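Asker: kindly generate the corresponding structure for this input.
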Amino acid sequence: MRRRRPRSGVMLPLALGLSDGLLNALVLAGGTLLQRKGGLDVLLGVRVGLAALVTAAFAIYAATYADLRAQLARASRQLNLARRGYLATTRLGRAVAREALWAMAIASLASFLGAFAPLAVGALLPGPAWMPVAAAYGAVALLATVLGAVVGGN
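Answerer: Numbering: from 1, shown residues only. I've put the predicted structure just below:
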């Protein structure tokens, strides 16, 4: 029976997606959040979340796929393979595409949730207009702290 290796690339797309979604929410809905003239509703959260999902999907897939293909090209050169890009046409090439799709799915969902959550909370809970902005900034700070601890940085 073949053992599947654990997916090690979950944390980075998750963190990138969440931070992208939170920042998208702050940028795209910042004016509405601070003016609060009845314009903040759950539908705004869905619209901003979908915009964040689409941008994250494209950016994460392109970056992950390019990075993994570059690793295959480097391995091909180190193995002195006669044909350039030989490893990309093998099962490894298909695995690279699957891994990039997996990272894209995680980052896209996390980006949607990161953008939708503060806007939905601001629309559903009564309170000051700056509360969703403060919650989003707090979530970004918490995310940065957790990531710093995970990767051993500051």
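Asker: just give me the residue right at the centre of the protein.
Answerer: residue 17 (1.8 Å; CA atoms, centre = their mean).
Asker: name the SS class of residue 69, please.
Answerer: Three-state call for residue 69 (DSSP: H, G, I helix; E, B strand; the rest coil): helix.
Asker: roughly how far apart are it and residue 97?
Answerer: Separation of residue 69 from residue 97 (CB to CB, to the nearest Å): 9 Å. Where you see a C-beta, it was placed from the backbone N, CA and C, and this is true even at glycine.
Asker: cool, residue 76 as well?
Answerer: Relative to residue 97, residue 76 is positioned 16 Å away (CB to CB).
Asker: swap in residue 107?
Answerer: Distance from residue 107 to residue 97, by CB to CB: 16 Å.
Asker: between the two, which is the more surrounded one?
Answerer: Per other CB atoms under 10 Å, whichever of residue 107 and residue 97 has more neighbours is residue 107, with 30 against 15.
Asker: what helix or strand is the more buried one located in?
Answerer: Following DSSP states H and E, one finds residue 107 within helix 91-124.
Asker: now the element after that helix, going C-ward?
Answerer: Going down the chain from helix 91-124, the next helix or strand is helix 131-151, by DSSP H and E.
Asker: for that following helix, packing partners?
Answerer: Contacts defined by 3 or more CB pairs under 8 Å, 6 or more residues apart in numbering; DSSP states H and E place helix 131-151 against helix 11-28, helix 30-35, helix 91-124.
Asker: for those, give me JSON lines that also has distance to residue 52.
Answerer: Putting the helices and strands packed on helix 131-151 into JSON lines (distance: least, CB to CB, whole Å) gives the following:
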{"stretch": "helix 11-28", "distance to residue 52": "4"}
{"stretch": "helix 30-35", "distance to residue 52": "14"}
{"stretch": "helix 91-124", "distance to residue 52": "4"}
